[in-house]
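*Asks:* kindly return the folded structure for what I paste below:
(one chain, ligands or ions: 1)
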Amino acid sequence: MYQREDFVAAADYIRARTALQPGIGLVLGSGLGPLADSLGGRVAIPVSEIPGWPQSTVQGHKGSLVIGEFEGQIVAAQQGRAHFYEGYSMQEVTFPIRVMKELGIHTVVLTNAAGGVNPSYTVGDIMLLEDHINFPGMAGQNPLIGPNDESMGLRFVGMSQTYDRGLRQAALAVARQHNIPLRSGVYFGLSGPFFETPAEIRMIRALGGDAVGMSTVNEVLVARHAGMRVMACSGITNGTIDAVDSDMEVNHEAVLEAGAIIVPRLTTILRGTLRDLQA
Ligand code: HPA
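*Replies:* Numbering: from 1, shown residues only. Here you go, the predicted structure:
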């Protein structure tokens, strides 16, 4: 279990590396790390140097925290993330979000690669999360379990206004302006690392999931616990398979390749959305 001092120590280390004071945290999922290349005057800190920071072992997850300017805002962009399926605890997976809070970050934008469950979604679409279903979390695997440090957040966290309405409306308006297909939907969070069976995909669809992935929901829980504003986007990197005897299979290479279509679209959406953001 971490203590608050652990998050403070990591934040102090980052502050000693740059005078830039980020107000926005950006988490870049599979294949989306290159978005950090758009930050001006950036300082990249290898996360292996930050005390306590979990390192991803997954291909396509570059391990740096990049701090720089983006549309007049100072952003801390985490390239790649650690996942529960790598063997990290829920507390480890969400360590970076706690550190962002200690750095003074007020708004977190999370991105991920996800499989499309809604039959109308196509590869390359972006889905703005309007809500989520945290399947492992509901069953007792989540980072808020354990003693609660009241100085960091409330014991019981309301989750009915999780994905900030103002940010969603701003993102939808930007996407319309630029003719980018931006969906709004429900992200179904699972632990992985296996992709879903056809029966699981049909179950997820029946339960109201539009896209499925292996990250994000835990970070969102912690960000809300810490009182941060949250926005999240899924890049739809693959269709999911809902019938047995299909010849298709989902694989990680396809997930990374689709990132190339998604990064420019996501960059445009985030530029427009963050441009006018007030603290
Ligand atoms: N399922 C779960 N996680 C994923 C997928 C998927 O199809 N694609 C990218 N991440």
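
*Asks:* list the buried residues of stretch 94-105.
*Replies:* 94-103, 105 (16 or more other CB atoms under 10 Å). Where you see a C-beta, it was placed from the backbone N, CA and C, and this is true even at glycine.

*Asks:* of all these, which comes closest to the ligand?
*Replies:* Nearest to the ligand among these: residue 94, at 18.4 Å, using CB to the nearest ligand atom.

*Asks:* show me what contacts the closest one?
*Replies:* For residue 94, the contact set (CB atoms under 8 Å, 6 or more residues apart in numbering) comprises 143, 218-219, 221-222.

*Asks:* ok, 10 Å please
*Replies:* By CB atoms under 10 Å, 6 or more residues apart in numbering, the contact list for residue 94 reads 2, 54, 81-82, 84, 88, 142-144, 218-223, 225-226.

*Asks:* re the thing from before, so which of the buried residues of stretch 94-105 are also by the ligand?
*Replies:* Contacts with the ligand are made by none of the buried residues of stretch 94-105, judged by CB under 6 Å from any ligand atom.

*Asks:* if we can go back for a sec, in helices, which of the contacts of residue 94 fall?
*Replies:* With DSSP state H as the criterion, helices contain 218-223, 225 from among the contacts of residue 94.

*Asks:* for those residues, please prepare a markdown table with the additional fields pLDDT, distance to the ligand and neighbour count.
*Replies:* Formatted as a markdown table, the ones in helices among the contacts of residue 94 follow (pLDDT from 0 to 100; distance: CB to the nearest ligand atom, whole Å; neighbours: other CB atoms under 10 Å):
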| residue | pLDDT | distance to the ligand | neighbour count |
| --- | --- | --- | --- |
| 218 | 97 | 14 | 25 |
| 219 | 98 | 15 | 26 |
| 220 | 98 | 16 | 27 |
| 221 | 98 | 18 | 25 |
| 222 | 98 | 20 | 26 |
| 223 | 98 | 20 | 26 |
| 225 | 98 | 24 | 23 |
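
*Asks:* need the residues of the chain near the ligand, please.
*Replies:* 113-115, 195-196, 212-214, 237-238, 240, 250, 255.

*Asks:* quick one: those residues as CSV, columns for neighbour count, secondary structure and pLDDT too.
*Replies:* CSV is the format used below for those (neighbours: other CB atoms under 10 Å; DSSP: H, G, I helix; E, B strand; the rest coil; pLDDT from 0 to 100):
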residue, neighbour count, secondary structure, pLDDT
113, 25, strand, 91
114, 33, strand, 94
115, 25, strand, 93
195, 19, coil, 93
196, 20, coil, 94
212, 25, strand, 97
213, 24, strand, 96
214, 23, coil, 96
237, 29, strand, 90
238, 21, strand, 90
240, 26, coil, 90
250, 16, coil, 76
255, 23, helix, 74
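
*Asks:* what's the distance between the nearest residue to residue 258 once chain neighbours are set aside and residue 220?
*Replies:* Nearest residue to residue 258, sequence neighbours excluded (CB to CB, 6 or more residues apart in numbering): residue 237, at 3.8 Å. Note on residue 237: its distance to residue 220, by CB to CB, to the nearest Å, is 20 Å.

*Asks:* what's the closest of the residues of the chain next to the ligand to the ligand?
*Replies:* Nearest to the ligand among these is residue 115, at 2.2 Å by CB to the nearest ligand atom.

*Asks:* coming back round to it: so the residue nearest to residue 258 sits against residue 114, correct?
*Replies:* Yes - taking contacts as CB atoms under 10 Å, residue 237 lies within contact range of residue 114: 6.9 Å.

*Asks:* so what sits against both of these two?
*Replies:* Counting by CB under 10 Å, 6+ apart, the contacts common to residue 237 and residue 114 are 29-30, 125, 211, 213, 255.

*Asks:* near residue 16, how many other residues are there?
*Replies:* Residues lying near residue 16 (other CB atoms under 10 Å) number 8.

*Asks:* so it sits in a helix?
*Replies:* Yes - counting by DSSP: H, G, I helix; E, B strand; the rest coil, residue 16 is part of a helix.

*Asks:* cool, thanks, signing off.
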